[in-house]
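J.: test case, fold it:
(2 chains)
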Amino acid sequence: MLDTLTAALREVLSADSVITDPVRLRTYECDGLTYHRATPGVVVLPATAEQVAAVVRLCVEFAVPFVARGSGTGLSGGALPREDGVLIVTSRMRRVLEVDLPNRRAVVEPGVTNLAITEAVRDQGFYYAPDPSSQQICSIGGNVAENSGGAHCLKYGFTVNHVEACEIVTPDGDLVTLDRMDPGYDLLGAFIGSEGTLGIATKITVRLTPAPESVTTVLAAFENIEQGGRAVSAIIASGIVPAAIEMMDALAIEAAEAAVACDYPRGAGAVLIVELDGPAAEVELQFARLKEICAGAFELRVAADQEERAAIWKGRKSAFAAVGRISPAYIVQDGVVPRTALPRVLAAIDRLSAEHRIRVANVFHAGDGNLHPLVLFDDAEPGAGERAETVSGAIIDLCVEHGGSITGEHGVGVDKARYMPRMFTDDDLDTMQLVRCAFDPRGLSNPGKVFPTPRLCGEVPGVRKGVHPLVESGKAEQF
Amino acid sequence: MLSEKPVGATVREAGPEDAVCGVTPRWVALPETVEEIASVLRACAERGLAVVPAGGGTKLHWGPPPERLDVLLDLCCMNEIVEHAAGDLVVRAQAGVTMDALASALAESGQELALDVPFTEGATIGGTLAAAVAGPRAFRYGTARDLLIGITVVLPDGTVARSGGKVVKNVAGYDLGKLFTGSFGTLGVIAEATFRLHPLPADRRWIVAVVEPPRVSQSGPCQARELAAMLAVAQEEPSAVELDWPHGQGPIWMTVLVEGAAAEDRARALAARMGEVVTGVRDEPPPQWGLIVDDRLLAEVRFPPAALTEVLDAVHYTGFSLRGSAVGGRLWLELWGEDGQAGEEDEERVTGAVAALRDRLEGCGARLVVHATPYESVQRWGRVGALPLMRRVKERFDPGRVMSPGRFVGGI
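T.: Numbering: from 1, shown residues only, chains lettered A, B, ... in the order given. Predicted coordinates:
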């Protein structure tokens, strides 16, 4: 089947846009979550939306699943390819099509990197607000699929709050524009964050944000994480909405120190990075209040310029990669808890860590309760990986128990699909599946992601017994 | 039929006062819990009865009349604020809670849902979401869908489904909240909603200005647009820039809201930059700020902000009263009659005026939707992108077409 499809793909794409060489295919076997791997059946590199549509139509014709991939930086295996499918890579769709400053918008192709949008408009005093840590390389198409956030989404929101319109290729292969201005259902809102299961974005209209007049970045060092946590609650309670509030614990600081010599205050049990931005007069008043709130900090640093700001952020931004210095292997989690539950959840993580003899470094977006615990282990030690998995799963359970979420920004992908039933009932998941079936009745668009065991579209809810007759007869495949 | 066997909720016979766009239901159901909504909907599904959900009824006359209507699902008894986690800046409430009641409760903790409602009283959370109305501060805080972080809905077959949750940052699963926001009761019933909150601003100032309409100041640049362009990116970060243009004639009132710390200083600085058009900086909003005055005939214009001149020009002399955001790309058009009566306007003239206006607006990349009209010949929707996909969504959620049938775009 794939061979026939590949031949057909070569008819609609140039020769160098269809990859079948096994060595080159391996380049695409995983995304940023490297422990899920699959070599794609075939990789295509379309250059236009029409080509993406043509590829999808061929996939429909041959009943072959397809997966879209941007830069491959995702951390939940959302772009994990299918061995029996087509991987549609958007890396040749990298044009900024239009910068429309009077309307504070830019129109870009999906392969454009997040940061490239900001770079295109920075000189005119604008930027693109969502700022995932991978913003230098991650693609805007991937951001749309994952509804990416970033450190500054506490104040500015997520991708979905900054996208005005998307041209998409539907799982039927039609080019359709979803626009916030149009009357009718908010399909744009449903599409963003659907992790490639409702189609592929081929043109994205993003909103540009004027750069704030004033930015103040503060590093506060506390003796322990409880003090840091109390400061976070006090900041929020004071009515300040900072652009970002980040926290790192002692182990995360140790790792960052080893990796990038970020020179955070010695002996800190926790550091807090608080960034205030907005009108200068407002930031000044908020900063005065912030200093009072952080009176318990044993050291308070304030960035005087862009260089010092970068120095404060350096440790935080390098934290994930830095744990490689103190541990041979690690799992990154992405759970969310209500802010007020942070102290209880952190204490519980401590207990889990001691019980299973697995170190956990805590790095998190404290302002919105988004935890990124780094579960450290030595993959050479027998049983350590399993213990780390147990701890990682238990942290997710903690988040759900406290009314939070299994993922704040990394997405469900293939990695957390099995955790979805911990957060949602069968009825919840079946209802979400109605949206899937409306867009993709054949289940060909990024199958196997997000949902644990989706029903075939058209199947009546209820207990499933045995193999579905359509699957048995070879007319349908269970993804 | 509905009253023959128990449906698990209070049901009464309907009267003419319960009519939706002239269609009188047979019963009014008054559920008090999510389970009771489910029970009523299951009962209706079994009997093939058509349902229209209702909150405070402030917008019930919006949209076309339902093709059929058996049960009005009145959510007035779903009026409990379930959880206000002040420390987390999150609130969960039942759909029938009025926006006013919610605002009062939140204000006690110095917080607010930063969603302006264009009605003085009665509008509920559920209705506000279902109609996706936006007010002046949408420019700064986003619209209903941007502030909604979790939702509980009941599908026509009685299935209760939740999506999102009670944390702001959350990308697990599809966002059903986005889909139900603005769905006008055609996919199911919104039973509960969870919102992110904001601290009440420390201070507020309104800058009031008067500008000339574009056609009058033909010789020079369009004042309204020039000011809007400046204000939209101003470092003083105004929360709203509202226009008010009675009957689309005479001068245009422009009111700029500055909120938060140092509001007075920021407002004064902005007023200075706006120049001699400013008539004052006040600590009270102008009368009827952000409100809909008369919605017997109500249309909404959505437009790319830079098309403001063209939009104003298209509305000039049409007789429509215009109010809405100069920077957020959303305006209301109302047809005010003399002393509160829709008056001498006749159907043919209004129908023609709407069609001509829509032509001009779509020509500059804008959209015109008529939410409410006493005249059936007025075309309501104009261009709708992605209609086939919307129909497929409707078919999946409501295959029996029992939820507000015919009340939405494309006859959905």
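J.: what about B:Glu276, neighbour count?
T.: Residues lying near B:Glu276 (other CB atoms under 10 Å in any protein chain shown) number 7. Yep, even glycine has a C-beta here, placed from its N, CA and C like the rest.
J.: my read is it is in a strand, agree?
T.: No - read with DSSP: H, G, I helix; E, B strand; the rest coil, B:Glu276 is helix and lies in no strand.
J.: tell me the contacts of the residue of the stretch 301-412 of chain B found nearest chain A?
T.: Closest contact between the stretch 301-412 of chain B and chain A, by CB to the nearest CB, is at B:Ala306 (3.7 Å). Contact analysis of B:Ala306 by CB atoms under 8 Å, 6 or more residues apart in numbering or on different chains lists A:Asp100, A:Pro102, A:Asn103, B:Arg225, B:Ala229.
J.: among these, which ones are buried?
T.: A:Asn103, B:Arg225, B:Ala229 (16 or more other CB atoms under 10 Å in any protein chain shown).
J.: of these, which belong to helices?
T.: Secondary structure from DSSP state H places B:Arg225, B:Ala229 of these in helices.
J.: where in the stretch 351-479 of chain A is pLDDT low?
T.: A:454-455, A:458-479 (pLDDT under 70).
J.: around chain B, pick out the residues from it.
T.: Proximity of the stretch 351-479 of chain A to chain B (CB under 8 Å from any CB of the partner chain) is limited to residues A:365, A:368-370, A:403-412, A:416, A:420, A:423-425, A:427-432, A:434-439, A:450.
J.: can you list the low-confidence ranges for the stretch 151-300 of chain B?
T.: Scanning the stretch 151-300 of chain B for pLDDT under 70 picks out B:216-219.
J.: and the residues of the stretch 351-479 of chain A next to chain B, which of them are buried?
T.: For those, buried by 16+ other CB under 10 Å: A:365, A:368-370, A:403-412, A:416, A:420, A:423-424, A:428-432, A:434-439, A:450.
J.: please see if the longest helix along chain B touches chain A.
T.: The longest helix of chain B (DSSP H) is helix B:347-363. No - Helix B:347-363 does not reach chain A (CB under 8 Å from any CB); its nearest approach is 10.6 Å.
J.: re the thing from before, closest to A:Glu61 out of the contacts of B:Ala306?
T.: A:Asp100 (37.3 Å; CB to CB).
J.: could you pull up the residues touching that closest one?
T.: Applying CB under 8 Å, 6+ apart, the residues near A:Asp100 are A:Ala106, A:Val107, B:Ala306.
J.: repeat that for 10 Å
T.: Going by CB atoms under 10 Å, 6 or more residues apart in numbering or on different chains, A:Asp100 touches A:Ala106, A:Val107, A:Thr205, A:Leu208, B:Pro304, B:Pro305, B:Ala306.
J.: okay, now the domains of the chain?
T.: Picking chain A for this. Annotated domains of chain A cover A:2-89, A:96-210, A:214-401 [automatic domain parsing].
J.: chain B was what I was after
T.: Split by automatic domain parsing, chain B gives B:10-76, B:77-199, B:204-372.
J.: distance of A:Thr118 from A:Glu386?
T.: As judged by CB to CB, to the nearest Å, A:Thr118 and A:Glu386 stand 42 Å apart.
J.: okay, those two: which has more neighbours?
T.: A:Thr118 (19 against 11).
J.: please report how far that one lies from B:Leu106.
T.: 35 Å.
J.: repeat that for A:Trp313.
T.: 34 Å.
J.: enumerate the residues of the stretch 201-350 of chain A near chain B.
T.: A:205, A:208-214, A:233, A:236-241, A:277-286, A:288-289, A:334-341 (CB under 10 Å from any CB of the partner chain).
J.: for B:Arg391, see how far away the closest residue to chain B within chain A is.
T.: Nearest to chain B, among the residues of chain A, is A:Gly189, at 2.8 Å (CB to the nearest CB). When distance is defined by CB to CB, A:Gly189 is 18 Å away from B:Arg391.
J.: these two: who's more crowded?
T.: Between A:Gly189 and B:Arg391, A:Gly189 has the larger neighbour count (other CB under 10 Å), namely 26 against 17.
J.: picking up where we left off before, out of the contacts of A:Asp100, grab the one that's most surrounded.
T.: Neighbour max across the contacts of A:Asp100 (other CB under 10 Å) = A:Ala106, 26 neighbours.
J.: contacting residues for the most centrally placed residue in chain B?
T.: Geometric centre of chain B, nearest residue: B:Val133, 1.2 Å, by CA atoms, centre = their mean. With contact set as CB under 10 Å, 6+ apart, B:Val133 has these partners: B:58-59, B:62, B:115-119, B:123, B:127, B:143-144, B:182, B:292, B:300, B:330, B:332, B:371.
J.: show me what counts as buried in stretch B:104-124.
T.: Quick answer for stretch B:104-124 (16+ other CB under 10 Å): B:106, B:109, B:111-119, B:122-124.
J.: return the member of the contacts of B:Ala306 nearest to B:Ile207.
T.: For the contacts of B:Ala306, the nearest to B:Ile207 is B:Ala229 (16.1 Å; CB to CB).
J.: before we move on, the earlier item: buried among the residues of the stretch 201-350 of chain A next to chain B? Need that as a selection in PyMOL.
T.: With 16+ other CB under 10 Å as the criterion, this PyMOL line picks the buried residues out of these:
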select buried, chain A and resi 205+208+209+210+211+212+213+214+233+236+237+239+240+241+277+278+279+280+281+282+283+285+286+289+334+335+336+337+338+339+340+341
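J.: what about the strands in the stretch 201-350 of chain B?
T.: For the stretch 201-350 of chain B, applying DSSP state E, counting those that start in this stretch gives strands covering B:204-211, B:240-245, B:252-259, B:278-282, B:298-302, B:321-325, B:330-334.
J.: now the fourth one - C-alpha only, CSV.
T.: Included here for strand B:278-282 are C-alpha records, laid out as CSV according to Å, rounded to 0.1, in the frame of the first residue of the first chain:
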residue,chain,number,x,y,z
VAL,B,278,-10.3,65.3,24.8
THR,B,279,-13.1,66.9,26.9
GLY,B,280,-12.1,65.4,30.2
VAL,B,281,-10.6,62.7,32.4
ARG,B,282,-13.2,61.3,34.8
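J.: which residues touch A:Ala68?
T.: A:52, A:56, A:78-79, A:86-90, A:110, A:139, A:141-142, A:145, A:169, A:195-197, A:199-202, A:445-446.
J.: can I have the buried ones of those residues as a PyMOL selection?
T.: The buried residues among those can be selected in PyMOL (16+ other CB under 10 Å) with this line:
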select buried, chain A and resi 52+56+78+79+86+87+88+89+90+110+139+141+142+145+169+195+196+197+199+200+201+202+445+446
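J.: which of the contacts of A:Ala68 fall in helices?
T.: A:Val52, A:Val56, A:Gly141, A:Gly142, A:Ala145.
J.: now those residues in a markdown table, with pLDDT and distance to chain B?
T.: Formatted as a markdown table, the ones in helices among the contacts of A:Ala68 follow (pLDDT from 0 to 100; distance: CB to the nearest CB, whole Å):
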| residue | pLDDT | distance to chain B |
| --- | --- | --- |
| A:Val52 | 98 | 17 |
| A:Val56 | 98 | 15 |
| A:Gly141 | 98 | 16 |
| A:Gly142 | 98 | 13 |
| A:Ala145 | 98 | 10 |
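J.: ok so, going back, please identify which of the contacts of A:Asp100 is nearest to A:Gly157.
T.: Of the contacts of A:Asp100, the one sitting nearest to A:Gly157 (CB to CB) turns out to be A:Leu208, at 14.1 Å.
J.: I figured the closest one hits A:Val107, correct?
T.: No - if you go by CB atoms under 10 Å, A:Leu208 and A:Val107 don't touch, sitting 11.0 Å apart.
J.: can you check which residues contact both of those two?
T.: Common neighbours of A:Leu208 and A:Val107 (criterion: CB under 10 Å, 6+ apart): A:Val99, A:Asp100.
J.: picking up where we left off before, widest-spaced pair of the contacts of B:Ala306?
T.: Across the contacts of B:Ala306, the longest distance by CB to CB is 14.7 Å; it joins A:Asp100 and B:Arg225.
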